[in-house]
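Asks: have a look at this prediction, sequence included:
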Amino acid sequence: MRVAVVWLIAACRFDPAKAEQPRDAQLLIDTPVMIDVAPPDGLPDDLIAYYPMDSLPMIDATGHGHDGTCTDLDSACPTLGSGVIGSSYAFANERVDVTSGSDLRSDSGTVAAWLAFDTLPAGNACPFGAIYMQSSNLDTWQLCRNATDWIVVLQETGSGLVELPYMQPINAGDWHYVAIVWTPAACTFYVDGQLAVASPIGQLLWDPTGLFTFGADRLSSGAIDVPITGRIDELKIFNRDLSQTEIAAMMQQR
């Protein structure tokens, strides 16, 4: 928790000659105390990264510095498209990378975003995830979609690779609010504020040199893999497991 030192007001001195002045007249300064300081723009403390997707380059609105970079600043950046709130990032074989930080690699967490596939994928297409930089191209967590299913892909202690599929027909261009919630014991996936699938898991495995990717996966060579043709908006990463009620409330903030 971030704190700052401020000074406690012990008393106010009233001067009749200054009675018509603003109320913040003369203050008597006393002893210092510690109080909480709100994150930038009043954002919650447990919000570790927030991408409104309203401008390029991709800036982390929390001020934590988890900004994104394009794979090729000349030719492989997304464009701005219509979003749920303001603009979105429109992807068509592009990718944005965010370097993993220790505060992003939390034992419990939530990632939530608006997502629209402008062209429905025939095979797997993966809009965002936390990936390993190892040659095996593992995924700490990743969301993918194919012609019929959503798939949450996880790499955890114990059984290793875990896939959570959820069959749901969708239409091209329709927005859906998706959220992945994990703890050291379980993973839950929500679509449009409703429980889609949940499964017991072990603790997720993180690679300190890994990346968070948006718009596509990343092969160990750096090449783009399983890209989407679609849009992402209002992506948020929290360092705790949000409840279904909290996720549904975020979905209504539009």
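Replies: Noted; the coordinates are in hand.
Asks: measure A185 to P200 for me?
Replies: 6 Å (CB to CB, to the nearest Å). (Glycine included, C-beta is placed from N, CA and C.)
Asks: ok, now A122?
Replies: 31 Å.
Asks: the more surrounded of those two?
Replies: Between A122 and P200, counting by other CB atoms under 10 Å, P200 is the more crowded of the two (11 against 8).
Asks: now stretch 54-73, how far from the centre of its chain.
Replies: With CA atoms, centre = their mean, to the nearest Å as the basis, stretch 54-73 stands 12 Å off its chain's centre.
Asks: now do it, average pLDDT.
Replies: The average of the pLDDT scores along stretch 54-73 is 89.
Asks: list the residues that contact the nearest residue to A92 once chain neighbours are set aside.
Replies: Closest residue to A92 apart from its sequence neighbours, by CB to CB, 6 or more residues apart in numbering: T229 at 4.9 Å. Residues in contact with T229, defined by CB atoms under 8 Å, 6 or more residues apart in numbering, are F91, A92, N93, F117, D118, T119, P121, A125.
Asks: for T229, give its distance to A90.
Replies: Distance from T229 to A90, by CB to CB: 9 Å.
Asks: next, show the common contact partners of the two.
Replies: Common neighbours of T229 and A90 (criterion: CB under 8 Å, 6+ apart): D118.
Asks: any low-confidence regions in the stretch 101-250 of the chain?
Replies: Within the stretch 101-250 of the chain, the ranges that satisfy pLDDT under 70 run 135.
Asks: show me where it has its helices.
Replies: Using DSSP state H, counting those that start in this stretch, the helices of the stretch 101-250 of the chain run over 244-251.
Asks: residues contacting D174?
Replies: A116.
Asks: roughly how far apart are it and L120?
Replies: Taking CB to CB, one finds D174 at 10 Å from L120.
Asks: ok, L80 next?
Replies: From L80 across to L120, the span is 22 Å (CB to CB).
Asks: the nearest residue to I59 once chain neighbours are set aside: which element?
Replies: Of all residues beyond its chain neighbours, the one nearest I59 is D67 (5.3 Å), with distances taken as CB to CB, 6+ apart. If you go by DSSP states H and E, D67 is not part of any helix or strand.
Asks: isn't D67 up against L56?
Replies: No - if you go by CB atoms under 8 Å, D67 and L56 don't touch, sitting 11.0 Å apart.
Asks: need the overlap of contacts for the two.
Replies: Shared contacts of D67 and L56 (CB under 8 Å, 6+ apart): none.
Asks: now could you export just the CA positions of stretch 124-139 as PDB?
Replies: Taking C-alpha atoms only, stretch 124-139 is exported to PDB below (Å, rounded to 0.1, in the frame of the first residue of the first chain):
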ATOM      1  CA  ASN A 124      -7.300 -21.100 -32.800                       C
ATOM      2  CA  ALA A 125      -6.900 -17.400 -32.400                       C
ATOM      3  CA  CYS A 126      -5.500 -16.000 -29.100                       C
ATOM      4  CA  PRO A 127      -6.300 -12.400 -28.200                       C
ATOM      5  CA  PHE A 128      -4.200 -12.100 -25.000                       C
ATOM      6  CA  GLY A 129      -2.100 -14.100 -22.600                       C
ATOM      7  CA  ALA A 130       1.000 -14.300 -20.400                       C
ATOM      8  CA  ILE A 131       3.600 -16.400 -22.100                       C
ATOM      9  CA  TYR A 132       6.900 -18.100 -21.500                       C
ATOM     10  CA  MET A 133       9.900 -17.100 -23.500                       C
ATOM     11  CA  GLN A 134      11.200 -20.700 -23.400                       C
ATOM     12  CA  SER A 135      11.500 -22.700 -26.600                       C
ATOM     13  CA  SER A 136       8.500 -24.800 -25.500                       C
ATOM     14  CA  ASN A 137       6.300 -21.700 -25.800                       C
ATOM     15  CA  LEU A 138       4.200 -22.400 -22.700                       C
ATOM     16  CA  ASP A 139       1.500 -20.100 -21.500                       C
END
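Asks: so how far is it off the chain centroid?
Replies: From the chain centre to the centre of stretch 124-139 is a distance of 16 Å (CA atoms, centre = their mean).
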